[in-house]
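S.K.: give me coordinates for this.
(2 chains)
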Amino acid sequence: MDTKEIVNSLKKIVSPYVQNEPAFKNFDMNTDFLKDLEINSANLVDIVLDVEDEFNITIDNDSMDNMLTVQDAVSIIKEKRAEA
Amino acid sequence: MKSSEIISLLPYSKPFLFVDELEEITEEGAKGSYTFPADSFFYEGHFKEFPVTPGVILTECMAQIGTVSLGIFLLKDLFNENGKVALTNTKIDFYLPVYPGEKVRVLSEKVYFRFNKLKCKVSMYNAKDKLVSRGEISGMIKENE
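M.R.: Here you go, the predicted structure:
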């Protein structure tokens, strides 16, 4: 699975929780889940659980704390998939 | 952890504590009850001349028994008087009214507890064991840092 495919899946997972639609139109590697998309921390948990199911990985507390942007999420997903 | 300990750790007091008893609490869910005193403050205005327990108060009762009490149990000794709770999501359907003086029972079932977020399926029954309300409640719960 390449970066582009991961980003597309992420975009689909994040979509129901987005509060800032204009920012979502510019969804790219630098997009910040909380600051740009205005997702709250409770919904970020739902996103992480969806990511676990979609990519068949387990996200630990440290990874959760570091998952601020799309780039962070892509790196963590790649790293966990490589471990699996 | 005993029920009385959990109740004492709940961050509420009169007139906004809606837990009398926690009958059973496990890793998977909670059961508890509350009787709405006929002189509760909200009956004065809800409704004019016709007291019925407001849906938001039923929701609060469901959250306190079903979600917050369970969350404190799940965090075990990590939760103390300085712990913090925050409601993040509710989705509740209501089926029957609850009148002044009625006793309700609340049952909750954990959906997940991850990254400090507890999501539960919660239902409320009246003294005749009829369904009053049912839905999902989520909250964040954090130990003292």
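S.K.: tell me the contacts of whichever residue of chain B sits closest to chain A?
M.R.: When distances are taken as CB to the nearest CB, chain B reaches nearest to chain A at B:T88, 3.5 Å away. Every residue, glycine included, has its C-beta placed from N, CA and C. By CB atoms under 8 Å, 6 or more residues apart in numbering or on different chains, B:T88 lies in contact with A:40, A:42-43, B:117, B:138-140.
S.K.: B:S123 too?
M.R.: B:S123 sits next to B:62, B:106-108, B:131, B:133-135 when contact means CB under 8 Å, 6+ apart.
S.K.: contact partners for A:A42?
M.R.: Going by CB under 8 Å, 6+ apart, the list of residues near A:A42 reads B:88-89, B:117, B:138-140.
S.K.: could I get the residues you listed as JSON lines with secondary structure and pLDDT?
M.R.: Shown next, in JSON lines, are the contacts of A:A42 (DSSP: H, G, I helix; E, B strand; the rest coil; pLDDT from 0 to 100):
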{"residue": "B:T88", "secondary structure": "strand", "pLDDT": "95"}
{"residue": "B:N89", "secondary structure": "strand", "pLDDT": "95"}
{"residue": "B:K117", "secondary structure": "strand", "pLDDT": "96"}
{"residue": "B:S138", "secondary structure": "strand", "pLDDT": "98"}
{"residue": "B:G139", "secondary structure": "strand", "pLDDT": "97"}
{"residue": "B:M140", "secondary structure": "strand", "pLDDT": "95"}
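S.K.: show me which of those are buried.
M.R.: Buried subset of the contacts of A:A42 (neighbour count, 16 or more other CB atoms under 10 Å in any protein chain shown): B:88, B:117, B:138-140.
S.K.: need these in CSV with distance to B:F50, can you?
M.R.: Shown next, in CSV, are the buried ones among the contacts of A:A42 (distance: CB to CB, whole Å):
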residue, distance to B:F50
B:T88, 33
B:K117, 38
B:S138, 32
B:G139, 32
B:M140, 36
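S.K.: number of nearby residues for the closest residue to A:N43 other than its chain neighbours?
M.R.: Distance criterion CB to CB, 6 or more residues apart in numbering or on different chains; nearest residue to A:N43, sequence neighbours excluded, is A:Y17 at 4.2 Å. Using other CB atoms under 10 Å in any protein chain shown, A:Y17 has 17 neighbouring residues.
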